[in-house]
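1. With the sequence up front, the predicted model follows.
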Amino acid sequence: MKRTPHLLAIQSHVVFGHAGNSAAVFPMQRVGVNVWPLNTVQFSNHTQYGQWAGEVLAPQQIPELVEGIAAIGELGNCDAVLSGYLGSAAQGRAILSGVARIKAINPNALYLCDPVMGHAEKGCIVPAEVSDFLLDEAAAVADFMCPNQLELDSFSGRKPLSLFDCLAMARALLARGPKAVLVKHLDYPGKLPDSFEMLLVTAEGSWHLRRPLLAFPRQPVGVGDLTSGLFLARVLLGDSLVAAFEFTASAVHEVLLETQACASYELELVRAQDRITHPRVKFEATAISL
Ligand SMILES: Nc1ncnc2c1ncn2[C@@H]1O[C@H](COP(=O)(O)OP(=O)(O)O)[C@@H](O)[C@H]1O
Ligand SMILES: Cc1ncc(COP(=O)(O)O)c(C=O)c1O
Ligand SMILES: [Mg+2]
């Protein structure tokens, strides 16, 4: 029987609704991965509501929890680490030390970093020290980086002029060390207004994917977290990077269709669960080059 992969997911938890681990854990489990959720913050709700209660996890808790798993002899079973929203740069450094600890026991373990930097227009703010940490330290260690366009702009220090410019920017990020860069959400001059586009860049090539842009009265939150989680889960389950990319786009689209049909602000993950595992519409990526 094929072994079920294990994934340590280090990101935020919200009590109500879906962001961070609260968006990614259930879908990753539903597609067949054992998830070890380690919550960097526990907030009442995601920050786009403009108010929330709760606390950031003390950074030293991260290595302590990782050591606790090592102490029961299970750390070597960890196949991958995923990190998302960070409460502080110190938390980020604690995650990198956890990644180093896991890779020392299991050199095949993968690290996916979703460099959550926030959207000024969405009101999601992360401290400047977190952005600096992601640029200067995390990119050098991560196997996969999954920025959205704003995060890619921040890595590059500029906005793109075209799709090919986005590709050049993603390639520059790839050159900092990751095996793959997944741009979860492209935005560039000339992009078709009714399309939602993504990019996958690896050492082997680059692929572009287009799916319909759905209309929402308020943009749903947690889509990026769902995207990076499903991508890593499918890679662990044995998909090629391109197959994982296509599956992820299709499954996330199904969740957004269900969310739109329910006129819900929060992602309808429970209602969409069967559509996540078996997306009805399959989007195909197209190879592109500079
Ligand atoms: N097909 C779609 N139609 C409309 N909006 C979408 C679609 N897919 C994603 N979005 C929205 O686009 C925004 C950007 O998503 P993205 O950059 O991938 O992640 P993040 O959630 O990290 O911001 C999000 O607000 C998300 O809700
Ligand atoms: C607590 C928390 N975690 C994570 C996120 C990231 O969500 P997204 O996937 O939309 O980038 C947000 C966004 O507001 C948040 O408030
Ligand atoms: Mg995000």
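-> Arrived safely. Quick caveat: nothing in here was measured; it's all calculated off a predicted structure. Ligands and ions are numbered 1, 2, ... in the order given.
2. What segments of this protein are strands?
-> For the chain, applying DSSP state E gives strands covering 6-14, 34-43, 54-56, 80-83, 110-113, 144-145, 180-183, 195-202, 206-212, 286-288.
3. So for ligand 1, which of those sits nearest?
-> The closest of these to ligand 1 is strand 195-202. By Cβ to the nearest ligand atom, the value is 3.8 Å. All C-beta spots, glycine's among them, are computed from the backbone N, C-alpha and C.
4. which helices and strands sit right next to that closest one?
-> Packing partners of strand 195-202 (3 or more Cβ pairs under 8 Å, 6 or more residues apart in numbering; DSSP states H and E): helix 163-174, strand 180-183, strand 206-212, helix 241-261.
5. Is it in proximity to ligand 1?
-> Yes - contact of strand 195-202 with ligand 1 (Cβ under 6 Å from any ligand atom) involves F196.
6. All further residue positions should be reported with the first residue as 12.
-> Yep, numbering from 12; the last one is strand 206-213 now.
7. Flag every buried residue along that strand.
-> By neighbour count with 16 or more other Cβ atoms under 10 Å, strand 206-213 contains the buried residues F207, E208, M209, L210, L211, V212, T213.
8. How many residues are close by the residue nearest to the first one when sequence neighbours are not counted?
-> Here the nearest residue to F207 in space, its sequence neighbours aside, is L224; by Cβ to Cβ, 6 or more residues apart in numbering that works out to 4.4 Å. By the other Cβ atoms under 10 Å criterion, the neighbourhood of L224 contains 14 residues.
9. Report the contact partners of L224.
-> Shown in contact with L224 (Cβ atoms under 8 Å, 6 or more residues apart in numbering): P204, D205, S206, F207.
10. Grab the nearest non-local neighbour of Y199.
-> Among residues not flanking Y199 along the chain, P171 sits closest, at 4.5 Å (Cβ to Cβ, 6+ apart).
11. In contact with the one you found: list those residues for me.
-> Taking Cβ under 8 Å, 6+ apart as the test, what P171 contacts is Q160, L163, D164, C177, M180, D198, Y199, P200.
12. got it, and L247?
-> Contact analysis of L247 by Cβ under 8 Å, 6+ apart lists P16, L18, V44, D90, A91, L121.
13. ok, now with 7 Å
-> Shown in contact with L247 (Cβ atoms under 7 Å, 6 or more residues apart in numbering): P16, L18, V44, D90, A91.
14. what does R187 give?
-> With Cβ under 7 Å, 6+ apart, R187 has these contacts: A150, A151.
15. rerun that using 10 Å as the cut-off
-> R187 makes contact with L146, D147, A149, A150, A151, V152, A153, M156, F166, according to Cβ atoms under 10 Å, 6 or more residues apart in numbering.
16. For Q160, see how far away the residue in the stretch 112-261 of the chain that ligand 2 sits nearest to is.
-> The stretch 112-261 of the chain approaches ligand 2 most closely through G235 (3.3 Å), counting by Cβ to the nearest ligand atom. Distance, G235 to Q160, using Cβ to Cβ, to the nearest Å: 11 Å.
17. Which one of these two is surrounded by more residues?
-> For the pair G235 and Q160, the greater number of neighbours falls to G235 (25 against 21), based on other Cβ under 10 Å.
18. picking that back up, could you dump the helices and strands packed on strand 206-213 to CSV with distance to ligand 3?
-> Rendered in CSV, the data for those read as follows (distance: least, Cβ to the ion, whole Å):
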stretch, distance to ligand 3
helix 174-185, 16
strand 191-194, 12
strand 217-223, 17
helix 252-272, 12
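19. deepest of those, which one?
-> Comparing these by mean neighbour count (mean count of other Cβ atoms under 10 Å), strand 191-194 ranks first with a mean of 26.
20. helices and strands around that one, which ones?
-> strand 121-124, strand 155-156, helix 160-167, helix 174-185, strand 206-213, strand 217-223, helix 234-247, helix 252-272 (3 or more Cβ pairs under 10 Å, 6 or more residues apart in numbering; DSSP states H and E).
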